[in-house]
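Trainee: okay, here's the prediction I keep looking at, along with the sequence it came from:
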Amino acid sequence: MRKMLIKGKVWRFGNNIDTDIIIPAKYLNTSDPKELAMHVMEGVDSNFYQKIKTGDIIVAGKNFGCGSSREHAPIAIKASGIQTVIAKSFARIFYRNAFNIGLPIFESSEASEKIKENDEIEIDADKGIIRNLTRKEIYKANPIPKFMQELIKAGGLVEWTRKRLKKKR
Amino acid sequence: MGMTITEKILAVHSGRKEVSPGELINAKVDLILANDITAPIAIKEFKKIGARDVFDKERIVFVPDHFTPAKDIKAAEQCKMLRDFSKEYQISNYFEVGRAGIEHVLLPEEGIVVPGDLVIGADSHTCTYGALGAFATGVGSTDVASAMATGECWFKVPESMKFIYYGKVNKWVGGKDLILFTIGDIGVDGALYRAMEFDGETIRGLSMHGRLTICNMAIEAGGKNGIIIPDQITESYVKERAKRKYTFYSSNKDANYVDIREYDCSKIPLTVSCPHLPSNIRPAAELFEVSIDQVVIGSCTNGHLEDLKEAAKVIKGRKVNPNVRMIVIPATQKIYREAMKKGLLDIFIEAEAVVSTPTCGPCLGGHMGILSKGERAIATTNRNFIGRMGHTESEVYLSNPAVAAASAVLGRIGTPEELGL
C-alpha cells in the first residue's frame, strides 16, 4: 500500500452529525459531486463550503453520519476538498459508504476529544497515528480493517469489483 | 455455541456452517433495492464496473418513491434514469408511479421480500423487512452497484442485542411507541453496528404492521438490522403474498447476545420524540404546551392501512384545528384504494385534511408539505433531525398515528384521551 500521510487544518463538529446536516435532502435531486459539495454541512453552517480549503479535515464526536444511507453525504465531503473525517464513532452506513467511494476516515476517541478547531494535524494512516502539530500531541486511531485498506488501495468498491470480475473471466 | 437468527441467515448466504460477530464475509443477496435518490448513483457506478449484465433481472427492485410524482425537472431526470435502466436491462421489479408506493411498505405487501431473505437496499429503512424474519440492511449506492454486478455484498457479522417486551400495552399504544421508547432508552447509537432482535410475548402478540414499524426504526438506534423471529402471524401474512419460497429461521437458546434488555409494556406511555433526535423522548401527555402548525400521517414507518384506521378513529366526526394543516399519505396504491373503500379517506377529507398520493414527500423535506422557518410539525415519520421537513429552523416531533391525529384536532400535542377516546 502506498504510504498515506494526510495533513491539514481542522474544522470541529459535535456528536450525531446526521446526513441531513451533511447534505440536506432538498439537494438530493442531483448526484453531481460538484453541486453537492457546494452545500456540504449546510444543515449547521450555511457558509461552510465558502470557508473551507482543499485539504482541510473534519473532526467530530460520536455517531458521525447517522440517518440516511445517502452516499451523497460522503460524496459531498470528498468533492468539497475535505481530505478525511476523524470521529469518535461513525454510523455504519456512512462508514461503509466512505470506504466504498475511496474516502478514508478514522475512528479515534482521543483525537475526537482533544483536537480543537483550527489545529493542524497529520495522520499516518499506515501506523494509525494522528499527530497534533499545534498542540504537540499524539493520538492513536483504531486500525482500519484489512479489507477496507484493500478498498482504499483499489480506489473504492467499484474498482475493486471491476478487477475481481476481470479476474473471473 | 448456538447462533442468532441474524447469524444463521448470514451463514447460509455465505455458504458457511457458522459465522460469528466481527467476521468479514461476502454473502449472496436475494434482493437489491434502490429508489429515485439512490439508484442514479448506483446506475452510474454500475456502468463503470463494466459488467456485461446484471446478476439477476428479477432480484433488483427500483421504486421511485422519494421525490415522486416528480417534484421538479431534476427529480424527473433522476426518475428517468431508473426507467431507462430498467428497460435496458429488463428489470422486472420496476415500480412506476401509479403502480407503486413507498418501497418499504410496498415490498412486504407484494411478497417481493420473504422470510429468510438477505436483502440490501440503498435506503436506510431497508431494515424494515426484519419484521418478516429476513436479514435486511441499508447500504449505499456503490454497494448496490457492485451487488447488481456480482449478486454479492460484503458484511461484518454484527453482534446481536435482544429486546424483550412483556405485559399488556396501554390503550392507543402501538409499535411506534415501543420503538421510540426503546430508542430513548439506548440512544441514537445504542445499537451501532449491531443486530436488534425484538422478542417477548408483546411482540409475539403484535400484528404485522406494528412489527414492521418497530423494525423500520432499528436504524434510528444505529442498528445494522432489526429482526423478529417469524411465527404464525408472519406465516398468515406471507403465505398469500410470497412470490418466492421462504424459510423460517430462529435463534438458538444458547445464542450469544451482547446485551439483553426487558421492557414492561404496561409502563410504556404514548411516546413522542422531541427535536432534534429520535432518542429525545417524552410522554405525549407532558407536551400539551407545544403548539403545532402541521400534522403528517404516513411514511414507511406508519403509512400502513392499520395506521390510517387508527388516525381515522380519532379524527372521525371532528375537524382539524383551524391553525393546523393535516396531510395524510397512504403508503401504497393498494392501501390508498382500501382506505377509500373503507371510507377512511372520506373521514379525513370531512375533517379538512388533505390526502396525498403515495410518496415519501415531506418525511425527508422533499415535497408535499415542507415547513417554513419557525414552523412545527408532529409526524408519524421516523426522523426529526434539524431541517428534516424543511427549514433548518423548523421542528419535527415524532409520534404514532393516534397521537398525531389527536394533535391535529387540538392544535397542539395531545392524546386521544383528551378527546374522550
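Mentor: Perfect, thanks for sending it.
Trainee: ok, residue B:390 - contacts?
Mentor: B:362, B:365, B:370, B:371, B:372, B:375 (C-beta atoms under 8 Å, 6 or more residues apart in numbering or on different chains). Every residue, glycine included, has its C-beta placed from N, CA and C.
Trainee: the last one: what's it in contact with?
Mentor: Applying C-beta under 8 Å, 6+ apart, we find residue B:375 in contact with B:293, B:294, B:390, B:391, B:394, B:395.
Trainee: selection in PyMOL covering whichever of these are buried, please.
Mentor: The buried residues among the contacts of residue B:375 can be selected in PyMOL (16 or more other C-beta atoms under 10 Å in any protein chain shown) with this line:
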select buried, chain B and resi 293+294+390+394+395
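Trainee: so which of the contacts of residue B:375 are in strands?
Mentor: B:294, B:395 (DSSP state E).
Trainee: tell me the one of the contacts of residue B:375 nearest residue B:335?
Mentor: residue B:294 (21.4 Å; C-beta to C-beta).
Trainee: quick one: the helices in chain B?
Mentor: B:5-13, B:39-49, B:73-88, B:103-109, B:141-150, B:175-186, B:201-204, B:208-216, B:232-238, B:299-302, B:305-315, B:333-341, B:344-350, B:401-410 (DSSP state H).
Trainee: apologies, that question was intended for chain A.
Mentor: Going by DSSP H, chain A shows helices at A:19-22, A:33-37, A:48-51, A:72-79, A:92-100, A:109-114, A:146-154, A:157-168.
Trainee: the helix or strand bottoming out on mean pLDDT in chain A vs chain B: in contact?
Mentor: Lowest on mean pLDDT, DSSP states H and E among the helices and strands of chain A sits helix A:146-154, with a mean of 88. Yes - judged by C-beta under 8 Å from any C-beta of the partner chain, helix A:146-154 comes into contact with chain B at residue A:147.
Trainee: list the buried ones in that helix?
Mentor: Residues A:148, A:149, A:151, A:152, A:154 are the ones in helix A:146-154 that count as buried (16+ other C-beta under 10 Å).
Trainee: also stretch B:198-207?
Mentor: Using 16+ other C-beta under 10 Å as the test for burial, stretch B:198-207 gives B:198, B:199, B:200, B:202, B:203, B:204, B:206.
Trainee: same thing with stretch A:112-123?
Mentor: Going by 16+ other C-beta under 10 Å, stretch A:112-123 has these buried residues: A:112, A:115, A:119, A:121, A:123.
Trainee: if we can go back for a sec, right, and the helices of chain B - which one's nearest residue B:380?
Mentor: Closest approach to residue B:380 among the helices of chain B (C-beta to C-beta): helix B:299-302, 3.6 Å.
Trainee: pLDDT for the contacts of residue B:375 - can I get that in a markdown table?
Mentor: Output for those, formatted as a markdown table (pLDDT from 0 to 100):
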| residue | pLDDT |
| --- | --- |
| B:293 | 98 |
| B:294 | 98 |
| B:390 | 97 |
| B:391 | 96 |
| B:394 | 98 |
| B:395 | 98 |
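Trainee: out of the contacts of residue B:375, which comes closest to chain A?
Mentor: Compare each of these with chain A using C-beta to the nearest C-beta and the shortest gap goes to residue B:390, at 8.4 Å.
Trainee: distance check, residue B:111 against residue B:331.
Mentor: Here the criterion is C-beta to C-beta, to the nearest Å. By it, residue B:111 lies 16 Å from residue B:331.
Trainee: comparing those two, which residue is more hemmed in?
Mentor: Comparing residue B:111 with residue B:331 by neighbour count (other C-beta atoms under 10 Å in any protein chain shown), the higher total belongs to residue B:331, at 28 against 17.
Trainee: can you get me a residue count around residue B:169?
Mentor: Residues lying near residue B:169 (other C-beta under 10 Å) number 18.
Trainee: in JSON lines: the helices of chain A, plus distance to residue B:222.
Mentor: Shown next, in JSON lines, are the helices of chain A (distance: least, C-beta to C-beta, whole Å):
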{"stretch": "helix A:19-22", "distance to residue B:222": "13"}
{"stretch": "helix A:33-37", "distance to residue B:222": "24"}
{"stretch": "helix A:48-51", "distance to residue B:222": "25"}
{"stretch": "helix A:72-79", "distance to residue B:222": "15"}
{"stretch": "helix A:92-100", "distance to residue B:222": "7"}
{"stretch": "helix A:109-114", "distance to residue B:222": "17"}
{"stretch": "helix A:146-154", "distance to residue B:222": "19"}
{"stretch": "helix A:157-168", "distance to residue B:222": "22"}
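Trainee: winner for burial among these?
Mentor: Ranked by mean neighbour count, the helices of chain A are led by helix A:19-22 with a mean of 28 (mean count of other C-beta atoms under 10 Å in any protein chain shown).
Trainee: show residues contacting that helix.
Mentor: A:40-44, A:65-70, A:72-73, A:76-77, A:94, B:364-365, B:383, B:385-388.
Trainee: distance-wise, check the closest residue in space to residue B:132 that isn't next to it in sequence relative to residue B:229.
Mentor: Nearest residue to residue B:132, sequence neighbours excluded (C-beta to C-beta, 6 or more residues apart in numbering or on different chains): residue B:115, at 5.0 Å. Distance, residue B:115 to residue B:229, using C-beta to C-beta: 10 Å.
Trainee: cool, residue A:18 as well?
Mentor: 31 Å.
Trainee: so between the two, which is more surrounded?
Mentor: Set residue A:18 next to residue B:229 and count neighbours by other C-beta under 10 Å: residue A:18 wins out with 25 against 18.
Trainee: show me which of the buried residues of stretch B:198-207 is closest to chain A.
Mentor: residue B:198 (18.8 Å).
Trainee: what residues does the closest one make contact with?
Mentor: Contacts of residue B:198 (C-beta under 8 Å, 6+ apart): B:163, B:165, B:211, B:214, B:215, B:226, B:227, B:228.
Trainee: now those residues as a markdown table including pLDDT?
Mentor: As requested, the contacts of residue B:198 are exported to a markdown table (pLDDT from 0 to 100):
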| residue | pLDDT |
| --- | --- |
| B:163 | 98 |
| B:165 | 98 |
| B:211 | 98 |
| B:214 | 98 |
| B:215 | 98 |
| B:226 | 98 |
| B:227 | 98 |
| B:228 | 98 |
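Trainee: tell me which two of those sit farthest apart.
Mentor: Going by C-beta to C-beta, the pair spanning the contacts of residue B:198 furthest: B:165 and B:227, at 14.1 Å.
Trainee: let me know how buried residue B:248 is, in neighbour terms.
Mentor: 15.
Trainee: is it true that it touches residue B:116?
Mentor: Yes - here residue B:248 reaches residue B:116: they are 6.7 Å apart, a contact under C-beta atoms under 8 Å.
Trainee: state the distance from residue B:280 to residue A:16.
Mentor: 11 Å.
Trainee: residue ranges in the chain under the pLDDT threshold?
Mentor: All of this refers to chain A. Applying pLDDT under 70 to chain A picks out residues A:1-3.
Trainee: scan it for its longest strand.
Mentor: From DSSP E, the single longest strand across chain A is strand A:5-12.
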